[in-house]
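> With the input below, show me the fold.
(4 chains)
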4 protein chains.
Amino acid sequence: MDSGHWVLSFACDDRQGIVHSVTGAIAQAQGNITELQQFTSDESGRFFMRVQVQSGFDRSVFEHAVAPVVSELAADWALDYVGRRRRTLILASRAGHCLNDLLYRQRIGDLPITVAKIMANHPDLGDLASFYGVPFESHVVLPETKADFEQQVLNAVAEHDIELVVLARYMQILSPRLCEALAGRAINIHHSFLPGFKGANPYRQAHARGVKLIGATAHFVTGDLDEGPIIEQNVQRVDHADTVADMTAMGHELESRTLATAVRLYAEHRVLLDGARTVVFS
Amino acid sequence: MDSGHWVLSFACDDRQGIVHSVTGAIAQAQGNITELQQFTSDESGRFFMRVQVQSGFDRSVFEHAVAPVVSELAADWALDYVGRRRRTLILASRAGHCLNDLLYRQRIGDLPITVAKIMANHPDLGDLASFYGVPFESHVVLPETKADFEQQVLNAVAEHDIELVVLARYMQILSPRLCEALAGRAINIHHSFLPGFKGANPYRQAHARGVKLIGATAHFVTGDLDEGPIIEQNVQRVDHADTVADMTAMGHELESRTLATAVRLYAEHRVLLDGARTVVFS
Amino acid sequence: MDSGHWVLSFACDDRQGIVHSVTGAIAQAQGNITELQQFTSDESGRFFMRVQVQSGFDRSVFEHAVAPVVSELAADWALDYVGRRRRTLILASRAGHCLNDLLYRQRIGDLPITVAKIMANHPDLGDLASFYGVPFESHVVLPETKADFEQQVLNAVAEHDIELVVLARYMQILSPRLCEALAGRAINIHHSFLPGFKGANPYRQAHARGVKLIGATAHFVTGDLDEGPIIEQNVQRVDHADTVADMTAMGHELESRTLATAVRLYAEHRVLLDGARTVVFS
Amino acid sequence: MDSGHWVLSFACDDRQGIVHSVTGAIAQAQGNITELQQFTSDESGRFFMRVQVQSGFDRSVFEHAVAPVVSELAADWALDYVGRRRRTLILASRAGHCLNDLLYRQRIGDLPITVAKIMANHPDLGDLASFYGVPFESHVVLPETKADFEQQVLNAVAEHDIELVVLARYMQILSPRLCEALAGRAINIHHSFLPGFKGANPYRQAHARGVKLIGATAHFVTGDLDEGPIIEQNVQRVDHADTVADMTAMGHELESRTLATAVRLYAEHRVLLDGARTVVFS
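Take a look at the predicted model:
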């Protein structure tokens, strides 16, 4: 499990000399920097950094070198090895395009995730899950059973030590309690260019407004619907002749691509939170 | 003024056989179709068509052939020759990027407009106007002088037989009366991807929301601010490190390009209104 | 099999009155035009048209009305009903991203094709084919067995009355004889922005040249390698840090999307040949 | 002339600890890093870095701190203050779109260059230069006068201490001698997506080949025509109906935008050479 290729990402209050301190710790561990990005937010006064390091040492030695530095900075930090597949839970409903894309990419090694389980509120996607060999559970989610279902989600998160929950066109609103419990590690795909067309039926709204581009937005899930920090967005040109059905079909690709990009960025520790915004070291 | 190359555009209630009737009239005038587009809106039941015709006959002959057909359809129609420069009035404030772009394109023949006059609420762009040889008027527009200024706009529209009014980053809200008077022939550029970030300071709003793409929208001016029918939109990628100032600078090009495209489409009779939406035969 | 929604596409030498004649035949059959596009090529003097018509009559009545007109024009023409799934044969090798995308889209009804068979020169993609319930054959293709394999391709084309052959990252060059036999109905995806980087290893070539965008090109197969008429192209931004492996991974999506678009356009009778160029009524 | 905001960029052979050394020197000068990018090229074994630093000290103090470090690395390096306008010479012919764009951007402060002089082989753009208050010289460039003209270019470069020469649609091939003299500081805009359509009339070539996207490429000038290291590329969609003239008109914007981006990147010390490729810290 030890690749010798490490990624360290962290956020802390800005001050002088942080890069120097951190690279000093890396030099001490005889590490070779293969990628380094940093950013200071003028608004929040926070400093963000992500650095990849090749090193002959194992994790304990490397961690021993960098931990005192980032601890001293009172940083939120993560140390991982490059390319580790992160344990992922997917929530889905009926539409399979995002799920199919994520599972295909996982299988060919294009996305560093391991999908531990798929939980859905419809049985339709069971075949697809089965083809890719991923455990699938379908639950009826009604107002009266929603709390139960969400508890089972939390149980699955705990049981599989889930690092990332992906809402792959899951068509239910999560309760505030679940949003809170998954804060910063649940990603949703919304089928519009947010903040335009929040809520239900965004393609219908887009058609009615006569926009010339439709979009998709991958964002962190928060209790504030469709208002979570944005990770990735893409758009596609449409014209007056495109119906709501056409837009829905064209949106499949847009949504799949946007979600997959966001999942990759997150899985590679490239997404850091700066209040309501994200810092994305792509 | 007679190019022998005609453009006919119209909208009417849909029924069978319209294309056949119109092309029959064209055949009768021995016209050769060089471009033809049509669209039926399922929502409104309206039919839209734009056709370009090369013909040895002059306008009166050609009009004589097609007028009965489109009249019989109770169509809103326009007959023009291809490439005619349409008489245009530009409203501006201080920012010159859109104005510069329009005037440069006009000069090199890239945009079929003749800018008859520029009216501004600041004197800053007078030099630019003068270089391009376009009459320029600057007026102080205060709450108490706004009605006067708008009357002068209407006077200019009448005097120069203006077909198109372009708000090239004109930073004042038009009165309902002026919006009404210019309905369907005034185009504004808004510096966001509508319907996101309506109103003032859209780049500041975009930055605060943390979007990953900024946009620009060219739309018809209506009394409902930033809600007019959309003609053209474009976007550009930004990231967490782009400040409001960066976005503003990046937006110049986006706005200029989007506005110029909308102006070209309108000038070439390619934009037809279908309620709150546009049909754009690009 | 009769949808009452017809598509007629044809190409012929240009002359006056074609649109009028064709729409006259449509009017005679009491058809309602739902889409109409036409184009005259100044270079070749050829006229191209595609029209969709809703009609209460069945195919024989409709054909009876339009056939005399297009025959009189000495046109190459096709009459089909809108949305008919066209019989398709896919050739593949090891890389599955294009195949997976085509099969998924076929299954959810996003692409009007029926894949009758998949023939590959490697067994790797058999599982995927099997999941989607498509017959799969794998053959060893060596210099000495290539002629045999190609004969089997031709046999399959005949047996299944194949309308479209898709080379979904099939990594073998077709013989001139096979190219000829499939002229105008075989589509290949090349993983570069043609005409740049023809031949083998285009991402390696792109990396060496230091381009800032990589591309994909879907084109008709001809005997002249990578020189067939282009149907669709797309690009994606890369930077100096992207390795050949990165570009290859990023290219998967680009290739899948570009090929799927080309297949859709072809299947919907939207692609017509104008010498070495295509007319695409998208 | 001293902004207190410095940019240091350099390239050297890769080894461990470079970032640490450089940031150590910055820390010693009490500098605050506002931007930092680095890249190691696996192919060439070269290391590239660009860092922006805010510091209360003046240039001599800052240079005194970093110079020993970069000298010890045997680096090619540049130290400048952020936003300094770089002395630029523009070569032009008849087409004014790129020149107009560069001069407009210079004037509004959107591009950190000072155009010291424009030299052209046609008088047409003199008015434009004069409006922007930039000295303009027009010379007849014939085979027998080309060497003279190029000598005057070199004289102007020496006289004005030119840092950047921009070929803004200059339609003459530079001699090998001039290419050599300007190596690494002359940028050309080519109106195609290189390596496609090198040489003359790229839009004509693009039309003949039937590509679905046209492009523009900004690259360093080298003796090998259209083969210099690429700095920036962009594309735009076209279709079968776009003539060579249409593409030429559409290309204006593409070329202006691509060239302006390349000039900005260069002026801001964001473009470093890695053999035949560029490292662009955008």
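
> Which residues of the stretch 1-150 of chain A lie near chain D?
The stretch 1-150 of chain A comes close to chain D at residues A:16-17, A:19-20, A:23-24, A:26-27, A:30-34, A:36-38, A:40, as judged by Cβ under 8 Å from any Cβ of the partner chain. C-beta here means a position set from N, CA and C on the backbone, and glycine is covered the same way.

> Dihedrals phi and psi, the residue of chain A positioned farthest from its centre?
Distance from the C-alpha centroid of chain A peaks at A:A241, with 34.1 Å (Cα atoms, centre = their mean). Reported as degrees, to the nearest 10, the phi and psi values for A:A241 are phi -80, psi -10.

> For the residue of the stretch 1-150 of chain A at minimum distance from chain C, the count of nearby residues, please.
As assessed by Cβ to the nearest Cβ, chain C sits closest to A:F131 within the stretch 1-150 of chain A, at 4.5 Å. A:F131 has 17 neighbours, counted by other Cβ atoms under 10 Å in any protein chain shown.

> any idea how far it lies from chain B?
According to Cβ to the nearest Cβ, to the nearest Å, A:F131 stands 33 Å off from chain B.

> do A:A216 as well
11 Å.

> what residues are up against the closest residue to chain D within the stretch 151-282 of chain A?
Distance from chain D to each residue of the stretch 151-282 of chain A (Cβ to the nearest Cβ) is smallest for A:R237, at 8.5 Å. A:R237 sits next to A:K212, A:L213 when contact means Cβ atoms under 8 Å, 6 or more residues apart in numbering or on different chains.

> If it is in a bridge, with which residues?
A:L213 (DSSP bridges).

> near chain C, anything from stretch A:42-50?
No. If you take Cβ under 8 Å from any Cβ as the test, stretch A:42-50 misses chain C, and the best it gets is 13.5 Å.

> now what about that stretch, what contacts it?
Residues from elsewhere that reach stretch A:42-50 (Cβ under 8 Å, 6+ apart): A:7-15, A:18-19, A:22, A:35-41, A:269-270, A:272, A:274-275, A:279, A:281, B:243.

> rerun at 6 Å
Residues outside stretch A:42-50 that contact it (Cβ atoms under 6 Å, 6 or more residues apart in numbering or on different chains) are A:9-12, A:14, A:18, A:37-40, A:272, A:274-275, A:279, A:281.

> helices or strands up against the host helix or strand of A:S60?
Element membership for A:S60 (DSSP states H and E) is helix A:59-72. Applying 3 or more Cβ pairs under 6 Å, 6 or more residues apart in numbering or on different chains; DSSP states H and E, one finds that helix A:59-72 contacts strand A:5-13, helix A:18-28.

> which other residues reach the longest one?
Outside of helix A:18-28, the residues within contact range by Cβ under 6 Å, 6+ apart are A:F47, A:V53, A:A65, A:V66, A:V69, D:G17, D:V19, D:H20, D:T23, D:G24, D:A27, D:I33.

> Let me know the angle separating it from helix A:59-72.
Helix A:18-28 runs at 160 degrees relative to helix A:59-72, counting by axes from the mean of the first three to the mean of the last three Cα atoms, to 10 degrees.

> just how off-centre is helix A:18-28 within its chain?
28 Å (Cα atoms, centre = their mean, to the nearest Å).

> Over to stretch A:124-136?
With Cα atoms, centre = their mean, you get 21 Å for stretch A:124-136.

> Quick check: buried residues in it?
If you call a residue buried by 16 or more other Cβ atoms under 10 Å in any protein chain shown, then stretch A:124-136 has these buried ones: A:L125, A:L128, A:A129, A:F131, A:Y132, A:V134, A:F136.

> That stretch: end-to-end distance?
From its first residue to its last, stretch A:124-136 covers 11 Å (Cα to Cα, to the nearest Å).

> Just say helix, strand or coil for A:A158.
Taking DSSP: H, G, I helix; E, B strand; the rest coil as the rule, one finds A:A158 in the helix state.

> Quick one: neighbours of it, just the number.
By the criterion of other Cβ under 10 Å, A:A158 has 10 neighbours.

> which residues touch stretch A:69-78?
Residues from elsewhere that reach stretch A:69-78 (Cβ under 6 Å, 6+ apart): A:S9, A:F10, A:A11, A:C12, A:S21, A:V22, A:A25, A:H269.

> Pick out the residue in the stretch 51-200 of chain A sitting closest to chain D.
The minimum distance from the stretch 51-200 of chain A to chain D, using Cβ to the nearest Cβ, falls at A:V51 (8.7 Å).

> which ones are touching that residue?
A:L8, A:L36.

> circling back: could you list the buried residues of the helix holding A:S60?
So helix A:59-72, judged by 16+ other Cβ under 10 Å, has buried residues A:R59, A:F62, A:E63, A:A65, A:V66, A:V69, A:V70.

> from the residues you listed, which single one is nearest B:A92?
A:V70 (52.3 Å; Cβ to Cβ).

> Under a three-state scheme, what state does the closest residue to A:R264 other than its chain neighbours occupy?
Spatial nearest neighbour of A:R264, chain neighbours left out: A:L111 (5.7 Å); criterion: Cβ to Cβ, 6 or more residues apart in numbering or on different chains. The assignment at A:L111 comes out as coil when based on three-state DSSP.

> Wait, A:L111 touches A:Y104, no?
No. Judged on Cβ atoms under 6 Å, A:L111 makes no contact with A:Y104 at a distance of 9.0 Å.

> Need the nearest residue in space to A:G196, chain neighbours excluded.
Nearest non-adjacent residue to A:G196, counting by Cβ to Cβ, 6+ apart: B:G196, 4.3 Å away.

> Would you quantify the distance from A:Q37 to A:E43?
19 Å (Cβ to Cβ, to the nearest Å).

> Within the helices and strands, which one has A:A262?
Using DSSP H and E, A:A262 sits within helix A:244-267.

> what's the angle from the host helix or strand of A:A216 to helix A:244-267?
For A:A216, the host element (DSSP H and E) is strand A:213-220. With the same axes, to 10 degrees applied, the angle from strand A:213-220 to helix A:244-267 works out at 30 degrees.

> How far does strand A:213-220 sit from its chain's centre?
Relative to the centre of its chain, strand A:213-220 is centred 13 Å away, using Cα atoms, centre = their mean.

> contact partners of that strand?
Applying Cβ under 6 Å, 6+ apart, the external contacts of strand A:213-220 come out as A:187, A:189-194, A:206, A:228-238, A:247, A:254-255, A:258-259, A:262, B:233.

> and that strand, C-alpha only, in PDB?
Taking C-alpha atoms only, strand A:213-220 is exported to PDB below (Å, rounded to 0.1, in the frame of the first residue of the first chain):
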ATOM      1  CA  LEU A 213     -26.100  27.100 -23.100                       C
ATOM      2  CA  ILE A 214     -27.100  24.500 -20.700                       C
ATOM      3  CA  GLY A 215     -24.900  23.400 -17.800                       C
ATOM      4  CA  ALA A 216     -24.100  21.000 -15.100                       C
ATOM      5  CA  THR A 217     -22.600  21.700 -11.600                       C
ATOM      6  CA  ALA A 218     -20.900  19.400  -9.200                       C
ATOM      7  CA  HIS A 219     -20.900  20.700  -5.700                       C
ATOM      8  CA  PHE A 220     -20.600  19.700  -2.100                       C
END
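
> What's opposite A:D13 in the beta bridge?
Beta-bridge partners recorded for A:D13 (DSSP bridges): A:R46.

> Would you mind listing the two of the buried residues of helix A:59-72 that lie farthest apart?
Distances among these were taken as Cβ to Cβ; the most separated pair is A:R59 and A:V69, at 16.0 Å.

> where does chain A have low pLDDT?
Low-confidence segments of chain A (pLDDT under 70): A:1-3.

> Just the closest residue of the stretch 101-250 of chain A to chain B, please.
The nearest approach of the stretch 101-250 of chain A to chain B comes at A:G210, 3.3 Å away (Cβ to the nearest Cβ).

> Can you give me the buried ones in stretch A:233-253?
A:233-236, A:238, A:240, A:242, A:247-253.
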